[in-house]
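How does the following fold in three dimensions:
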Amino acid sequence: MKRLSLLVVALLVVCAVPARGQDVRYDFDKDKDFSKYKTYRWVEIKGADKPDDLTAKKIVGAIDAELAKKGLTKVEGDNADLYVGYQTAIATEKQYTMYNTGWDYGPGWGGGWYGYGGMSSSTTYGSSSTVYIGQLDLSMYDPGTKQLVWRGAASKTLDPKAKPEKKEKNINKAVTKLLKNFPPKQR
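Numbers count the residues shown, from 1 in each chain. Okay, the predicted model is just below:
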């Protein structure tokens, strides 16, 4: 019974691994006063990978909405306090999932009357699948100093095979998590 319990726990762990959430990381210039940034404009990052037009529209819309919640206003001219740009990366990797049944009968019941009639058996099961790794990188620059002041990345955000509703939900969720601590707290 103990082995069955361990098997059930192992299967639950194996099944839960692919369901991990989005990973979000960010960094910023600690010497900058982020309270002075009130406006922003979109800029294109040279040489950056871009998604298709529909996905790009979802990304820009999600970022615009979150920055508006933070009190920033989008402008079209060169008078912006921040320049904002993004890039994406979509790749695939193989994921291997393996588990062992752990069912063993041992070498037997001892050397007495019963001899070594037992049997040892253990079965390992495995499967592989393709996982899409879609990362969104967001960068913010101070146009006066021409320096990067904030950068964040959200992985497991973009899946080219996802349905439009799921894709939009993932993007909105990632952007919300990504900008949760923006502007950074001054120490």
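
Sketch out the strands for this protein, chain order is fine.
23-28, 39-42, 73-74, 82-100, 124-142, 147-155 (DSSP state E).

Measure how the last one sits relative to strand 23-28, angle-wise.
Spelled out, that is strand 147-155. Strand 147-155 runs at 170 degrees relative to strand 23-28, counting by axes from the mean of the first three to the mean of the last three Cα atoms, to 10 degrees.

which strands and helices sit next to strand 147-155?
Helices and strands touching strand 147-155, by 3 or more Cβ pairs under 8 Å, 6 or more residues apart in numbering; DSSP states H and E, are strand 23-28, strand 124-142, helix 164-178. C-betas here are computed from N, CA, C, even on glycine.

so can I have CSV of those showing distance to S35, mean neighbour count and mean pLDDT?
Formatted as CSV, the helices and strands packed on strand 147-155 follow (distance: least, Cβ to Cβ, whole Å; neighbours: other Cβ atoms under 10 Å; pLDDT from 0 to 100):
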stretch, distance to S35, mean neighbour count, mean pLDDT
strand 23-28, 13, 15, 91
strand 124-142, 13, 16, 72
helix 164-178, 20, 18, 94
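
could those go into a markdown table alongside distance to L72?
Formatted as a markdown table, the helices and strands packed on strand 147-155 follow (distance: least, Cβ to Cβ, whole Å):
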| stretch | distance to L72 |
| --- | --- |
| strand 23-28 | 15 |
| strand 124-142 | 10 |
| helix 164-178 | 14 |
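
Would you mind saying which of the ones you listed lies nearest F34?
F34 lies closest to strand 23-28 among the helices and strands packed on strand 147-155, at 7.6 Å (Cβ to Cβ).
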